[in-house]
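S.K.: Need a 3D model of the following:
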Amino acid sequence: MKNLTDTFGELRRLIDSNDPFMNRGHKIRKRREGSHEIPEWTKSDETVQQVLLASFPKWKVRQWHRNGAARWVRVIHLYYRMNMTQGQVAEEMDLSLKVVNHILARMNKVATGLSANGRPRRPRGRKPDVRIEDSSGRVVSFDELINAKQFAG
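M.R.: Predicted coordinates:
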């Protein structure tokens, strides 16, 4: 193994003192930190979990929901908790800056109660029963209403 003096001598033969690498190009810089606002919902694991469940409700059964939720958790950790810039997050996750920006925008929409595309959330699942009352004020079921119409017409 060569000693340090031999290695330095070889380097000096290739790079002189006028080379930009030696006089202005090579500097140790401190890591840049983001100066973005950190929302309150990102500081608590419970609220982060609520946002993730609102956006990825079927994460237990759908692989793409799991992948999306995992990506959002990683972005939340790097961008909001580690205070990295969007560019650093993109580089760390091997994504484009546009994708990271898009993820952050969607997360913030969901956190404010909207759906990921910015529209108000609509309820999922079975529609509530409709209450129909007859002239006496008695609640009539949907089956009774259908049977009454069949006999009437």
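
S.K.: where does R119 land on pLDDT?
M.R.: You'll see R119 listed with a pLDDT of 69.

S.K.: right, and N101 touches Q86 too?
M.R.: Yes - at 6.0 Å, N101 counts as touching Q86 under the criterion of CB atoms under 8 Å. C-beta here means a position set from N, CA and C on the backbone, and glycine is covered the same way.

S.K.: Counting neighbours, go ahead and name the busier of the two.
M.R.: When neighbours are counted by other CB atoms under 10 Å, N101 and Q86 differ, and Q86 comes out ahead with 20 against 14.

S.K.: quick one: the more buried one from T112, how far?
M.R.: 20 Å (CB to CB, to the nearest Å).

S.K.: before we move on, what about A69?
M.R.: For A69, the distance to T112 equals 18 Å [CB to CB].

S.K.: Check G68 too.
M.R.: Counting by CB to CB - G68 and T112 are separated by 19 Å.

S.K.: More neighbours: which of those two?
M.R.: G68 (18 against 11).

S.K.: Quick one: mean pLDDT over the host helix or strand of that one.
M.R.: Assigned by DSSP states H and E, G68 belongs to helix 63-75. On average, the pLDDT along helix 63-75 is 90.

S.K.: May I see the buried residues of that helix?
M.R.: 65, 68-69, 72, 75 (16 or more other CB atoms under 10 Å).

S.K.: just stretch 46-64 next, same as before
M.R.: Of all the residues in stretch 46-64, those buried under the rule 16+ other CB under 10 Å are 48, 51-52, 55-56, 59.

S.K.: which residues sit against the lengthiest helix in the chain?
M.R.: The longest helix of the chain (DSSP state H) is helix 97-111. Residues outside helix 97-111 that contact it (CB atoms under 8 Å, 6 or more residues apart in numbering) are 39, 41, 47, 51, 54-55, 71-72, 75-76, 79, 86-87, 89-90, 93, 115-118.

S.K.: Could you quantify the relative orientation of it and helix 63-75 as an angle?
M.R.: 100 degrees (axes from the mean of the first three to the mean of the last three CA atoms, to 10 degrees).

S.K.: Buried residues of helix 97-111, list them for me.
M.R.: Counting neighbours by 16+ other CB under 10 Å, one finds that the buried residues in helix 97-111 are 100, 103-104, 106-107, 109-111.
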